[in-house]
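>>> When you get a sec, could you give me coordinates for this:
(3 chains)
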Amino acid sequence: MSQLHAPVLAWYQTHARSLPWREPSASAWGVLVSELMLQQTPVVRVLPAYRQWMRTWPTAGHLAEASVGEAIRAWGRLGYPRRAVRLHRAATVIVADHDGEVPSSLAELRALPGVGEYTAAAVASFAFGQRQLVLDTNVRRVLARAVAGVELPARTVTSAERELAGTLLPSDPATAAGWAVGVMELGALVCSAASPACGACPITAQCRWRELGYPAHDGPRRRAQTYAGTDRHARGALLGVLREAAEPVTRSRLDAAWTHHEQRERCLTSLLVDGLVVRLAHDRYSLP
DNA sequence: GAACCGTGGTA
DNA sequence: TTACCAAGGTT
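All right, here's what the predicted structure looks like:
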């Protein structure tokens, strides 16, 4: 039993944010929706989209009945709209293969579109109370600092991280689930990437990084995420036109949204391939 | 393993 | 202003 458990569990009880997908009434479907939306998108921006989404499609069955385009439009500006397509496809699989209920096994969750190692463990833990290794960016950062004594974790999850997290995971499922969400919340609210609030941290006394004098990250910096002028930027501009349009749009409307001809063609093709856009007759375009 | 996939807030 | 970051997944 680690010295980290009790302080983190107690801290979570008094400091956890009240979030709709954490309510006792939240369904496994709600948890799954929240996890997809939260992939690389901050909580504050997810909240309104999540509420609207769950009002519109309270179950996987409801979403499966809707068109992909409706899902993409409801995704709004959360970013990475392929996640909306994946969530819609996941709903279809849930209806077809799981009688409309979000599966509880890690393997079945992992098989859903858009559900990777982290999301499968998160849903199994948060929605079903299982003992799972929930290794997101927050948990990885907290463990890197508190246990490994370094400012930031490696670029990708390492086997050493999995072993460490596994060692720290309480044996009792309910406690393990509480620990998982607690460490994650601690990383989100206190042990943040840029400016950790060590004065408010419940485990400063056990923190190796603090003990070592807060050594700065020495490895290579993360690759800068340039955006202006990239294909992501162009795709966003093109899709934005279709998202805001009530009717299919003409080719000239898309041409006006991104002037660089070659890049526009490449991105439009990739949007079609990704299932985010469909081409209709007379060279008109719309959401699927 | 690394590149790619949106968007907006913060320092 | 540029750089970094945000509950990752897929190829």
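>>> What ranges does chain A have for its strands?
A:249-250, A:278-280, A:284-286 (DSSP state E).
>>> Format those as JSON lines; extra columns: mean neighbour count, mean pLDDT and distance to DNA strand B.
Where you see a C-beta, it was placed from the backbone N, CA and C, and this is true even at glycine. Shown next, in JSON lines, are these (neighbours: other CB atoms under 10 Å; pLDDT from 0 to 100; distance: least, CB to the nearest atom of the strand, whole Å):
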{"stretch": "strand A:249-250", "mean neighbour count": "16", "mean pLDDT": "98", "distance to DNA strand B": "16"}
{"stretch": "strand A:278-280", "mean neighbour count": "13", "mean pLDDT": "97", "distance to DNA strand B": "16"}
{"stretch": "strand A:284-286", "mean neighbour count": "17", "mean pLDDT": "98", "distance to DNA strand B": "15"}
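>>> quick one, helices of the stretch 1-150 of chain A?
A:5-15, A:28-38, A:43-56, A:60-65, A:68-75, A:82-98, A:106-110, A:117-126, A:137-143 (DSSP state H, counting those that start in this stretch).
>>> From the chain's centroid, how far away is the second one?
Here the centre of helix A:28-38 is set off from its chain's centre by 8 Å, with CA atoms, centre = their mean, to the nearest Å.
>>> now do the fourth one
Relative to the chain's own centre, helix A:60-65 is displaced by 21 Å; criterion: CA atoms, centre = their mean.
>>> and if you look at the first one?
Relative to the chain's own centre, helix A:5-15 is displaced by 23 Å; criterion: CA atoms, centre = their mean.
>>> for chain A, which residue is closest to the average position?
Nearest to the mean C-alpha position of chain A, by CA atoms, centre = their mean, lies A:Gln39 at 1.6 Å.
>>> That one is in contact with A:Ala84, isn't it?
No: look at A:Gln39 against A:Ala84 with CB atoms under 8 Å: they stay out of range, at 11.4 Å.
>>> so how far is A:Glu211 from the residue nearest to the centre of chain A?
For A:Gln39, the distance to A:Glu211 (CB to CB, to the nearest Å) stands at 33 Å.
>>> now do A:Ala107
As judged by CB to CB, A:Ala107 and A:Glu211 stand 40 Å apart.
>>> of these two, who's got more company?
Neighbour totals were compared for A:Ala107 and A:Glu211, and A:Glu211 leads with 12 against 8 (other CB atoms under 10 Å).
>>> Return the distance of the more buried one relative to DNA strand C.
Separation of A:Glu211 from DNA strand C (CB to the nearest atom of the strand, to the nearest Å) stands at 22 Å.
>>> Test for you: state the pLDDT assigned to the nearest residue to that residue once chain neighbours are set aside.
Excluding its sequence neighbours, the residue lying closest to A:Glu211 (CB to CB, 6 or more residues apart in numbering) is A:Gly149, at 7.0 Å. pLDDT recorded at A:Gly149 is 96.
>>> ditto for A:Pro220
On the pLDDT scale, A:Pro220 gets 66.
>>> now swap in A:Leu135 and tell me
Here the pLDDT value assigned to A:Leu135 is 97.
>>> That one contacts A:Tyr118, correct?
Yes: judged on CB under 8 Å, A:Leu135 makes contact with A:Tyr118 at a distance of 6.2 Å.
>>> quick one: which of those two has more around it?
Between A:Leu135 and A:Tyr118, counting by other CB under 10 Å, A:Leu135 is the more crowded of the two (23 against 19).
>>> Chain neighbours aside, what residue packs nearest to the residue of the stretch 51-200 of chain A found nearest DNA strand B?
Here the residue of the stretch 51-200 of chain A nearest DNA strand B is A:Gly79; by CB to the nearest atom of the strand that distance is 1.9 Å. Closest residue to A:Gly79 apart from its sequence neighbours, by CB to CB, 6+ apart: A:Thr41 at 5.7 Å.
>>> now A:Phe126
Of all residues not flanking A:Phe126 in the chain, A:Val31 sits nearest, at 5.2 Å (CB to CB, 6+ apart).
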